[in-house]
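Enquirer: Let's see this in three dimensions:
(chains A and B)
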Protein chains: 2
Amino acid sequence: MPREITAFSNPLVKYARELRDKKHRRGARQFMAEGLRILTEARDTGRLPRILFYAAGNADHPLVHALSIDVEMAGGESIHTTPDILSKLSGKDNPQAVVGVFDEFDRTLADLDRGTSGIWLVAERLRDPGNLGTILRTADAVGAGGLILIGECVDPFSVEAVRASMGALFTIPVVRSEWAPFLDWLREGPGQLVGLSLDTEHDYRAARYETPTFLLTGNEAQGMPADYAAACDLLVKIPMLGKADSLNAAVATAVMAYEVLAQQRGGSSAT
Amino acid sequence: MPREITAFSNPLVKYARELRDKKHRRGARQFMAEGLRILTEARDTGRLPRILFYAAGNADHPLVHALSIDVEMAGGESIHTTPDILSKLSGKDNPQAVVGVFDEFDRTLADLDRGTSGIWLVAERLRDPGNLGTILRTADAVGAGGLILIGECVDPFSVEAVRASMGALFTIPVVRSEWAPFLDWLREGPGQLVGLSLDTEHDYRAARYETPTFLLTGNEAQGMPADYAAACDLLVKIPMLGKADSLNAAVATAVMAYEVLAQQRGGSSAT
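Expert: Okay, the predicted model is just below:
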């Protein structure tokens, strides 16, 4: 049976709250995700929270009820609590109806099957959790096979990344790797490595993308190292007509990914 | 001459710090922008801060020095201070070298000349400041004529929006309007109103965009009201191949804007 917790000092509340902090998350290897829709989608991919918090007033909502039963059947804890505690957990004034604590899941390059999709996203030293989550959301939208994070990237299990992914963290495989093993893995099979660069004359619309395409986006401030760029099969640029010299990293990735998608779906590009 | 402030309790520090808060910003009609590059770009568009804060250690930097002189020549205050105070002002652990307090600037629809660009961005009830700033950054990149904000949108002068815009707040005209006067203004001249929608069969790559195109993006959670959609000349959708039904609003706007740009630059679309 679900139990009630109404005290901020409760150890489970404290534990979940601390998962907002990277250090605690790393030790616990668990993370937090919010929202009925996202938790329901997670369940549909076979992932149930170890701990489910929901506002007592939502106990009769059929989706909350179903989720609560599933969590308990799987040996997890289902906890009804106050809106204030949900606010504290989510860090938002208007919290979602449910908050779940999930085990982290890590995949390796060996888990990826490049035959499953024509588009793969690769990001190196991504530092903004919102960008990471937004790139995952885009990965879902273009039917990408996965997101490969190279080097010191922000944590995909951070609250901000999970939130910005809008559930895609559960549906899109995320692999963390260093550059050298990634490149070794990539060259074991087919795949065109396409880097987004400011230092090339190849317009992204004029280029021809092979299947599968691996789209590499560099660090938000610095772009990618020269040796990464040199290892690419193709460097392309997105035209910049204004004063600034670059786009937001998640935006640039999406503009590229949709061009690749359009070409792979059978059209030619514009130019 | 620049003066030194090292006390957190100094009224100017307190004043600038409070501009992070919307209520104070509204009263003061001033806002904060950070970063040497952004402040230099602002200066190049004729906008100087009323108050310039910089870390004492940066006083000899030629750009900081030049900015400081220009601010004082224009009757503003130039203040050298501590990294701690800059951190407090910017809310970041690693603050930028300079923080400026600027007068807000508001434009009206009457200030816009639709002949100056083939692309105009329109967003209604945008609620995320990062999205607003990112859309401004994209507007700069595609050479858009401006961004028109419809209804209750997040404040373009918020710290997060200014930061995400990477300086585009100073270079791209932003107009706040209600829907009815916007539509009246739009219909006084040429312009195709294109709405991004989930409820249409028109693929965004198959559509033909006229010049100028006004791209309308709806609220992040709800999209646009039915009567707004009905007033559009064309509704288009971006294909969604995954589990989610929508893209991040700034991402969707950018994918659309780059398609319009590619067509207007002389290519045909892919499909």
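Enquirer: use CA for all of it now, contacts and neighbours both
Expert: OK.
Enquirer: where does chain A dip in pLDDT?
Expert: A:267-271 (pLDDT under 70).
Enquirer: Please, where are all the strands along chain A?
Expert: Ranges of strands within chain A are A:3-4, A:30-34, A:51-55, A:77-81, A:98-103, A:119-124, A:147-150, A:174-177, A:192-196, A:213-217, A:234-236, based on DSSP state E.
Enquirer: Specify the angle between the fourth one and strand A:51-55 in degrees.
Expert: What it means is strand A:77-81. Inter-element angle recorded for strand A:77-81 and strand A:51-55: 20 degrees (by axes from the mean of the first three to the mean of the last three C-alpha atoms, to 10 degrees).
Enquirer: Send over strand A:77-81 as CSV, restricted to the C-alpha atoms.
Expert: Written as CSV, here are the backbone C-alpha positions of strand A:77-81 (Å, rounded to 0.1, in the frame of the first residue of the first chain):
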residue,chain,number,x,y,z
GLU,A,77,7.9,2.5,-2.9
SER,A,78,4.7,4.5,-3.7
ILE,A,79,4.4,7.6,-1.6
HIS,A,80,1.6,10.1,-1.4
THR,A,81,2.7,13.5,-0.2
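Enquirer: residues in contact with that strand?
Expert: A:1-6, A:50-56, A:59, A:68, A:71-72 (C-alpha atoms under 8 Å, 6 or more residues apart in numbering or on different chains).
Enquirer: re earlier: now the strands of chain A as a markdown table including mean neighbour count?
Expert: Shown next, in a markdown table, are the strands of chain A (neighbours: other C-alpha atoms under 10 Å in any protein chain shown):
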| stretch | mean neighbour count |
| --- | --- |
| strand A:3-4 | 12 |
| strand A:30-34 | 25 |
| strand A:51-55 | 25 |
| strand A:77-81 | 23 |
| strand A:98-103 | 23 |
| strand A:119-124 | 26 |
| strand A:147-150 | 24 |
| strand A:174-177 | 22 |
| strand A:192-196 | 24 |
| strand A:213-217 | 25 |
| strand A:234-236 | 21 |
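Enquirer: can you pull the contacts of the closest residue to A:Val101 other than its chain neighbours?
Expert: Closest residue to A:Val101 apart from its sequence neighbours, by C-alpha to C-alpha, 6 or more residues apart in numbering or on different chains: A:Met32 at 4.6 Å. Going by C-alpha under 8 Å, 6+ apart, A:Met32 touches A:16, A:19-20, A:99-102, A:157-159, A:162.
Enquirer: Then A:Leu86?
Expert: A:Leu86 touches A:53-55, A:95-99, counting by C-alpha under 8 Å, 6+ apart.
Enquirer: before we move on, back to that, same list, the strands of chain A, but as CSV with distance to B:Trp120 please.
Expert: CSV is the format used below for those (distance: least, C-alpha to C-alpha, whole Å):
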stretch, distance to B:Trp120
strand A:3-4, 52
strand A:30-34, 35
strand A:51-55, 43
strand A:77-81, 47
strand A:98-103, 39
strand A:119-124, 30
strand A:147-150, 32
strand A:174-177, 36
strand A:192-196, 26
strand A:213-217, 27
strand A:234-236, 26
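Enquirer: Tell me which of those approaches B:Arg176 most closely.
Expert: Nearest to B:Arg176, of all those, is strand A:30-34, at 32.7 Å by C-alpha to C-alpha.
Enquirer: Over to the residue lying closest to A:Ser87 once chain neighbours are set aside: give its phi and psi.
Expert: Nearest residue to A:Ser87, sequence neighbours excluded (C-alpha to C-alpha, 6+ apart): A:Pro95, at 5.0 Å. The phi/psi pair for A:Pro95 (degrees, to the nearest 10) reads phi -70, psi 160.
Enquirer: May I ask you to confirm that A:Pro95 is in contact with A:Thr82?
Expert: No. Shown here, A:Pro95 and A:Thr82 do not form a contact pair, counting by C-alpha atoms under 8 Å, at 10.6 Å.
Enquirer: what's next to stretch A:14-30, contact-wise?
Expert: So stretch A:14-30 is contacted by A:8, A:31-32, A:88-90, A:101-104, A:155, A:158-159 (C-alpha under 8 Å, 6+ apart).
Enquirer: One more pass at 6 Å, please.
Expert: By C-alpha atoms under 6 Å, 6 or more residues apart in numbering or on different chains, the list of residues contacting stretch A:14-30 from outside reads A:31, A:89, A:102-104.
Enquirer: Just name the closest of the residues you listed to A:Leu186, please.
Expert: Closest to A:Leu186, out of all of the contacts of stretch A:14-30 and judged by C-alpha to C-alpha, is A:Glu104, at 25.1 Å.
Enquirer: Near that closest one, how many residues? Count them for me, please.
Expert: 14 (other C-alpha atoms under 10 Å in any protein chain shown).
Enquirer: If we ignore the residues flanking it in sequence, what's nearest it?
Expert: Using C-alpha to C-alpha, 6+ apart, the closest residue to A:Glu104 is A:Gln30 (5.0 Å).
Enquirer: now the one you found: how far from A:Val175?
Expert: Noted for A:Gln30: a distance of 17 Å to A:Val175, by C-alpha to C-alpha, to the nearest Å.
Enquirer: Contacts only, for A:Ala141.
Expert: Counting by C-alpha under 6 Å, 6+ apart, A:Ala141 makes contact with B:240-242.
Enquirer: Now with 10 Å, please.
Expert: Counting by C-alpha atoms under 10 Å, 6 or more residues apart in numbering or on different chains, A:Ala141 touches A:135, A:168, A:254, A:257-258, B:238-247.
Enquirer: can you check A:Lys88 too?
Expert: A:Lys88 neighbours (C-alpha under 10 Å, 6+ apart): A:8, A:13-14, A:16-17, A:82, A:95.
Enquirer: quick check, nearest of the residues you listed to A:Arg187?
Expert: Taking those together and measuring to A:Arg187 by C-alpha to C-alpha, the closest member is A:Ala16, at 41.2 Å.
Enquirer: Run a quick neighbour tally on that closest one.
Expert: For A:Ala16, using other C-alpha under 10 Å, the count is 23.
Enquirer: how near is it to A:Ser9?
Expert: 12 Å.
Enquirer: Check A:Pro95 too.
Expert: 19 Å.
Enquirer: more neighbours, the two?
Expert: Neighbour count, other C-alpha under 10 Å: between A:Pro95 and A:Ser9, A:Pro95 has more, with 19 against 10.
Enquirer: Isn't the more buried one up against A:Leu89?
Expert: Yes. Taking C-alpha atoms under 10 Å as the definition, A:Pro95 is a contact partner of A:Leu89 at 8.4 Å.
Enquirer: Name the residues contacting each of the two.
Expert: Shared contacts of A:Pro95 and A:Leu89 (C-alpha under 10 Å, 6+ apart): A:34, A:83.
Enquirer: Going by distance to A:Arg37, which of the contacts of A:Met32 wins?
Expert: So of the contacts of A:Met32, ranked by how close each gets to A:Arg37 (C-alpha to C-alpha), first place is A:Val99, at 11.0 Å.
Enquirer: could you check the distance from the closest residue to that closest one other than its chain neighbours over to A:Ile135?
Expert: Of all residues not flanking A:Val99 in the chain, A:Glu34 sits nearest, at 4.3 Å (C-alpha to C-alpha, 6+ apart). Going from A:Glu34 to A:Ile135 by C-alpha to C-alpha gives 19 Å.
Enquirer: if we can go back for a sec, out of the contacts of A:Lys88, the closest to chain B would be?
Expert: Using C-alpha to the nearest C-alpha, A:Pro95 is the member of the contacts of A:Lys88 that sits closest to chain B, with 14.9 Å.
Enquirer: residue ranges for the helices of the stretch 51-200 of chain A, please.
Expert: Remark: helices assigned in the stretch 51-200 of chain A by DSSP state H, counting those that start in this stretch are A:62-73, A:83-90, A:129-141, A:159-165, A:168-171, A:179-186.
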